[in-house]
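J.: sequence below, structure please.
(one chain, ligands or ions: 2)
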Amino acid sequence: MDGPAENDFCSVCHGNFNVPCQANCSHWFCGNCILLVWRHGSTFQPCKCPLCRRQITLLVPTQASVSDRHNPSVANTLQQLETYNRLFGGRTNGLIQRMQDLPFLLRRLLRELVDPQRSLPLVIRARVYITVKSLRNHASNFGSILYLS
Ligand SMILES: [Zn+2]
Ligand SMILES: [Zn+2]
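T.: Ligands and ions are numbered 1, 2, ... in the order given. Model prediction:
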């Protein structure tokens with residue numbers, strides 16, 4: 001079944017689903033609602049499901065929302081959901097993906113640095129460090145391949 005149950009409603013806004021997406025705990029939310037819940041806490045940590053408190057590591061939009069991508073506000077929500085999944089999806093990201101994430105991570109890092117209200121979790125500093133380090137390793141591997149050949 002692609003989509004929430006017919007009589008179901010978003011537990012965040014208590015309304016009908018707008019760009020519905022399903023979390024890995026199987027609960028459904030409006031895309032924007034669950035993104036709001038996420039931003040309410042630290043940007044660099046996955047949010048917890050408001051219903052079952054499980055950590056959300058994946059937000060999957062319905063096929064219907066994906067095919068509604070020509071609508072700019074839907075496209076915007078989908079893009080943020082993708083970013084969320086990339087950050088917390090737990091799968092090993094490809095190098096290209098990591099390079100794409102890096103500007104986002106650094107931007108958020110800066111924003112959290114200038115905003116003393118927000119805490120800066122160590123985990124995100126580590127994440128940026130690992131990304132930069134893996135890029136550098138990759139470059140040096142490339143260098144040694146060139147050297148050997
Ligand atoms: Zn909602
Ligand atoms: Zn849940």
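J.: okay, CA-based contacts and neighbour counts for the rest of this
T.: Will do.
J.: give me the three-state assignment for residue 135.
T.: helix (DSSP: H, G, I helix; E, B strand; the rest coil).
J.: quick one: it and ligand 2, what's the gap?
T.: Distance, residue 135 to ligand 2, by C-alpha to the ion, to the nearest Å: 35 Å.
J.: what is the burial count for that residue?
T.: Neighbour count of residue 135, defined by other C-alpha atoms under 10 Å: 16.
J.: for it, give me the pLDDT.
T.: As predicted, residue 135 sits at a pLDDT of 70.
J.: tell me how far it lies from ligand 1.
T.: Counting by C-alpha to the ion - residue 135 and ligand 1 are separated by 39 Å.
J.: same question, residue 58
T.: Distance from residue 58 to ligand 1, by C-alpha to the ion: 17 Å.
J.: shouldn't that residue be in contact with residue 26?
T.: No. Residue 58 is beyond contact range of residue 26, at 9.9 Å (criterion: C-alpha atoms under 8 Å).
J.: which of these two has more residues huddled nearby?
T.: Higher neighbour count among residue 58 and residue 26: residue 58, with 22 against 15, using other C-alpha under 10 Å.
J.: could you chop this protein up by domain?
T.: 1-91, 93-149 (automatic domain parsing).
J.: helices and strands of this protein: which one has the lowest mean pLDDT?
T.: Within the chain, no helix or strand scores below helix 122-148, which has a mean of 63 by mean pLDDT, DSSP states H and E.
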